[in-house]
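Participant: fold the following and give me the result.
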Amino acid sequence: MLRSSVSAVVLNYNGGPMILDCLASLAAQQPPCGQIVCVDNGSADGSVVTARERFPQVEFIELGRNYGFAGGMNRAIDASSGEFVALINLDVTLGPEYLAHCVRALEADETLAGVTGKLLRPDPSDPPILDTTGHIVYRNRRAVDRGEREPDVGQYDSDTELFSICGAAPVLRRSALEDLRLDGEYFDEDFFAYFEDFDLAWRAQLRGWRFRYVPRAVARHYRGGTDSKASTFILACNHRNRLLVMLRNDHPASFVRHLPGIAYTELRATLHMLSRRPLALLLAWAQFVRLLPRQLRRRRVIQAGRKVGWRDLEPAFEPYDYGLRAMIRRARQRAAVR
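Facilitator: You can find the predicted model right below:
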């Protein structure tokens, strides 16, 4: 039995049958979570109507338009009441004790802002294929899913403290979310979608909060889309938001120390987009410039509230392998999911 109250919130946007599977896995949690909230971001596929009929115990909120992940999740969190809040992507199905394992870890350590479990790909592989076990954060400021596309052979079966965790199925402490709330927002709505989980985690680290991976909590994550299929708007969000994360959270001394890797990574990303999707690159830069005054103000607030020095966070940024073999391996991994 859990001592604490738990709310699960799901953001739906044209979720089709996936939202039904997601809500079914939440309804089957043992012990049951105290509240399930589903916020619909203006779906046009009728999925919210079907979900309402199938799950009368779920609280549904229809927003009427797409507020993105950040805006939709902010409204979902506001509608929840639990001491802990599980943010569940509509393309995730949880194992029956996922929430219980995560909440027990949070109950045991009051310095934890959030916990994630082991997320697997849905493929019926043996051994199963990993989706994420949290983030690895590199010195070039790339945050990538730890273990992604690797066979799960027990290499990530230990509880691990992490700098950042994936936003697909984290369980977060409400008091930490309130501590990080800025201009009334938990996730910055200028981001719309992508990198908002990394931004939240970095802000939490600056405030002295921590994150943990708990492998006993298991879920399946149905990822969709690749860069080759993504819209111009989504590609622009990705590029712009990566810059915004650094602008808001980085310390000048740490940034300069790691500048060669950051500059190299940004140059490669810029040249790649310029050759493949130049309109997305121009849109990203235009949006970044438009948001700059507000984000500089928010940076001042974030940095004024930091409790942890930049040197204390330096060990969390791992060296990035720029070798030819590593680049070929990463290219093959990307191609394998297309």
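
Participant: please count neighbours and contacts with C-alpha atoms only from this point.
Facilitator: OK.

Participant: where does this structure dip in pLDDT?
Facilitator: Flagging of the chain using pLDDT under 70 yields the residue ranges 1-3, 224-229, 323-338.

Participant: okay, now the domains of it?
Facilitator: Domain ranges of the chain: 6-221, 232-324, per automatic domain parsing.

Participant: now those as a markdown table including mean neighbour count?
Facilitator: Formatted as a markdown table, these follow (neighbours: other C-alpha atoms under 10 Å):
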| stretch | mean neighbour count |
| --- | --- |
| domain 6-221 | 20 |
| domain 232-324 | 15 |
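
Participant: which strand or helix spans the nearest residue to E148 once chain neighbours are set aside?
Facilitator: Leaving aside its sequence neighbours, E148 sits nearest to D131 (C-alpha to C-alpha, 6 or more residues apart in numbering; 4.6 Å). Assigned by DSSP states H and E, D131 belongs to strand 130-132.

Participant: pairing partners for that strand, with directions?
Facilitator: In the sheet, strand 130-132 lines up against strand 112-120 (antiparallel) (DSSP bridges).

Participant: what about the nearest residue to L90 once chain neighbours are set aside, which helix or strand?
Facilitator: Spatial nearest neighbour of L90, excluding adjacent residues (C-alpha to C-alpha, 6+ apart): I19 at 5.1 Å. Per DSSP H and E: I19 is located in helix 16-27.

Participant: state the next helix or strand along the chain beyond that helix.
Facilitator: strand 35-40.

Participant: CA-only coordinates of that next one in PDB, if you can.
Facilitator: Extracted in PDB, the C-alpha atoms of strand 35-40 (Å, rounded to 0.1, in the frame of the first residue of the first chain):
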ATOM      1  CA  GLN A  35      -6.900  10.100  -9.900                       C
ATOM      2  CA  ILE A  36      -6.600   9.900 -13.700                       C
ATOM      3  CA  VAL A  37      -6.900  13.000 -15.800                       C
ATOM      4  CA  CYS A  38      -6.900  13.100 -19.600                       C
ATOM      5  CA  VAL A  39      -6.500  16.500 -21.300                       C
ATOM      6  CA  ASP A  40      -7.400  16.600 -25.000                       C
END
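
Participant: okay, the angle between that strand and helix 16-27?
Facilitator: Counting by axes from the mean of the first three to the mean of the last three C-alpha atoms, to 10 degrees, strand 35-40 lies at 170 degrees to helix 16-27.

Participant: so how far is the following helix or strand past strand 35-40 from its chain's centroid?
Facilitator: Later in the chain than strand 35-40, the nearest helix or strand by DSSP H and E is helix 47-54. How far helix 47-54 lies from its chain's middle: 26 Å, per C-alpha atoms, centre = their mean, to the nearest Å.

Participant: got a list of contacts for helix 47-54?
Facilitator: N12, N14, G15, G16, P17, I19, L20, D40, V58, F60 (C-alpha atoms under 8 Å, 6 or more residues apart in numbering).

Participant: before we move on, back to that, correct me, but the residue nearest to L90 touches L26?
Facilitator: No. Judged on C-alpha atoms under 8 Å, I19 makes no contact with L26 at a distance of 10.6 Å.

Participant: for L63, what are its contacts?
Facilitator: Counting by C-alpha under 8 Å, 6+ apart, L63 has contacts V39, D40, N41, G42.

Participant: looking at the residues you listed, which is nearest A204?
Facilitator: V39 (24.8 Å; C-alpha to C-alpha).

Participant: how far away is the closest one from Y67?
Facilitator: Per C-alpha to C-alpha, to the nearest Å, V39 is found 11 Å from Y67.

Participant: span of stretch 4-20 from start to end?
Facilitator: End-to-end for stretch 4-20, by C-alpha to C-alpha: 26 Å.

Participant: list the contacts of it.
Facilitator: 26, 33-48, 51, 54, 66, 69, 72-73, 76-77, 80-92, 103, 107.

Participant: mind checking the longest helix of the protein?
Facilitator: Taking DSSP state H as the criterion, the chain has its longest helix at helix 278-304.

Participant: related to what we said a few turns ago, ok, and what's touching the strand holding D131?
Facilitator: By C-alpha under 8 Å, 6+ apart, strand 130-132 touches 118-121, 145-152, 166, 221.

Participant: the residue nearest to the spatial centre of the chain: what secondary structure?
Facilitator: Nearest residue to the geometric centre of the chain (C-alpha atoms, centre = their mean): G167, 2.3 Å. Of the three states, G167 takes coil under DSSP: H, G, I helix; E, B strand; the rest coil.

Participant: residue contacts, it?
Facilitator: L87, I88, N89, D197.

Participant: so the second one versus V9, what's the distance?
Facilitator: Spelled out, that is I88. Distance from I88 to V9, by C-alpha to C-alpha: 6 Å.

Participant: could you do the first one as well?
Facilitator: Taken as C-alpha to C-alpha, the spacing of L87 relative to V9 amounts to 5 Å.
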